[in-house]
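[1] Give me the fold of what follows.
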Amino acid sequence: MTNKWNDKSWQRDFLNMKSHSPADAKLLMGGVKGLKDAWRLGVLHVEYERLKKKQMQQDQDS
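    Modelled structure (predicted):
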């Protein structure tokens, strides 16, 4: 899977997967404004990948 820096499809998908804090939702919709935001977005992306993998495994088991 290749990631493009301007690809925000995972962010829209992640917003629909679970509830988020207002700050995280704003970051996912609005983008990075500084180093702290970039770090947090990276953390959110790792969480997204973990949830997506779990979701795919559940779909295969069904």
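
[2] what's Glu47 in contact with, if anything?
    Under the criterion of Cβ atoms under 8 Å, 6 or more residues apart in numbering, the neighbours of Glu47 are Phe14. In short, each C-beta sits where N, CA and C put it, glycine included.

[3] if we go to 10 Å?
    Taking Cβ atoms under 10 Å, 6 or more residues apart in numbering, we find Glu47 in contact with Phe14, Met17, Lys18, Asp24.

[4] Closest one to Glu49 out of those residues, please.
    Distance to Glu49 across the contacts of Glu47 (Cβ to Cβ) is lowest for Phe14, with 9.5 Å.

[5] Gln57: helix or strand, and which one exactly?
    Element membership of Gln57, judged by DSSP states H and E, is helix 35-61.

[6] avg pLDDT for that helix?
    Throughout helix 35-61, pLDDT has a mean value of 95.

[7] Buried ones in that helix, by neighbour count?
    Buried residues in helix 35-61, counted by 16 or more other Cβ atoms under 10 Å: Leu41, Leu44, Tyr48.

[8] Repeat that for stretch 12-31.
    For stretch 12-31, a neighbour-count test (16+ other Cβ under 10 Å) marks Phe14, Asp24, Leu27, Leu28 as buried.

[9] Just give the closest residue to the last one, not the sequence neighbours.
    The one in question is Leu28. Using Cβ to Cβ, 6 or more residues apart in numbering and skipping the chain neighbours, the partner closest in space to Leu28 is Gln11 (4.5 Å).

[10] Show the contacting residues for that neighbour.
    Gln11 touches Ala25, Leu27, Leu28, Met29, Gly30, Gly31, Leu41, Leu44, His45, Tyr48, counting by Cβ under 10 Å, 6+ apart.

[11] Widest-spaced pair of those?
    Top of the distance list for the contacts of Gln11 (Cβ to Cβ): Gly30 and Tyr48, 16.7 Å.
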